[in-house]
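*Asks:* This is a predicted model, with the sequence first.
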Amino acid sequence: MTRPAINRLIRFHRDEGGNSTIEFVIWFPLYIFLLLAAVEMSIISVRQTTLERAVDLTVRDIRLGTGTAPQHDEIKDLICDRAVMVPDCKNNLKLEMISVDPENFVPPPVVPDCTDQSEEVRPVRNFVHGASNELMILRACAKFKPYYPLSGIGKELTKDNAGYAAVTTTTAFVQEPR
């Protein structure tokens, strides 16, 4: 009785029929992990790029405006209309405009002012319309939920308590004379 069992084990050991299955089981999770990471990175890059372009186009409109100084809500609407890849832009975008003296430059705070979906809404931290020929810094921060929050890049993103990550952009411009 033990001899047929030993013969079966020897035949099983020599059989190479399942080798491709074992390789598939080992490599498939790695390929899926890389695929999910690539998709997440692509989506984040597109969101960052569209936000930067929307802010640049809006600042260009502000610079070229003849004596008009759009208010916070108007600037936010212009950016949200152009940033099509930022989900729920009207609620997830926060703007900060800071007047800067180029001769005595003091950099703005390193951490941009972003919305935190788990907290109550806070008013705008700093949004000052500059005087003529004044250097202005405009920062925009948009929050989004990662598509794959538990794998790859989505897991490594810095998120708030509600699970939202952020993309930010900063631009500077000189307030034209009025």
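*Replies:* That came in fine, so what should we check first? Residues are numbered from 1 along each chain as shown.

*Asks:* Only C-alpha atoms from now on, for both contacts and neighbour counts.
*Replies:* OK.

*Asks:* Show the residue spans covered by the strands in the chain.
*Replies:* Secondary structure of the chain (DSSP state E): strands located at 93-100, 135-144, 165-174.

*Asks:* in stretch 163-171, what counts as buried?
*Replies:* For stretch 163-171, burial by neighbour count (16 or more other C-alpha atoms under 10 Å) applies to 163-170.

*Asks:* still on that earlier bit, out of the strands of the chain, which gets nearest to D15?
*Replies:* strand 165-174 (50.3 Å; C-alpha to C-alpha).

*Asks:* What is that closest one packed up against?
*Replies:* Counting by 3 or more C-alpha pairs under 8 Å, 6 or more residues apart in numbering; DSSP states H and E, the packing neighbours recorded for strand 165-174 are helix 19-64, strand 135-144.

*Asks:* From T170, how far out is S151?
*Replies:* The gap separating S151 from T170 is 29 Å, by C-alpha to C-alpha, to the nearest Å.

*Asks:* now P29
*Replies:* Taken as C-alpha to C-alpha, the span from P29 to T170 is 38 Å.

*Asks:* how far out from the middle of the chain is the lowest-mean-pLDDT helix or strand in the chain?
*Replies:* The weakest-scoring helix or strand in the chain, judged by mean pLDDT, DSSP states H and E, is helix 2-14 (a mean of 77). Computed by C-alpha atoms, centre = their mean, to the nearest Å, the chain-centroid distance of helix 2-14 equals 58 Å.

*Asks:* got the buried residues for it?
*Replies:* Neighbour-count burial for helix 2-14, counted by 16+ other C-alpha under 10 Å, picks out no residue.

*Asks:* let's number from 28 now, not from 1
*Replies:* OK, 28 is where the count begins now, so the last one is helix 29-41.

*Asks:* what's the average pLDDT for stretch 136-147?
*Replies:* Across stretch 136-147, pLDDT averages out at 65.

*Asks:* what do you get for stretch 60-73?
*Replies:* Mean predicted lDDT for stretch 60-73 stands at 90.

*Asks:* Could you do stretch 87-106 as well?
*Replies:* 81.

*Asks:* to the chain's geometric centre, what's the distance from that stretch?
*Replies:* Counting by C-alpha atoms, centre = their mean, stretch 87-106 comes out at 24 Å from the chain centroid.

*Asks:* and the end-to-end length of it?
*Replies:* One end of stretch 87-106 sits 12 Å from the other (C-alpha to C-alpha).

*Asks:* Then stretch 110-123?
*Replies:* The first-to-last residue distance of stretch 110-123 comes to 17 Å (C-alpha to C-alpha).
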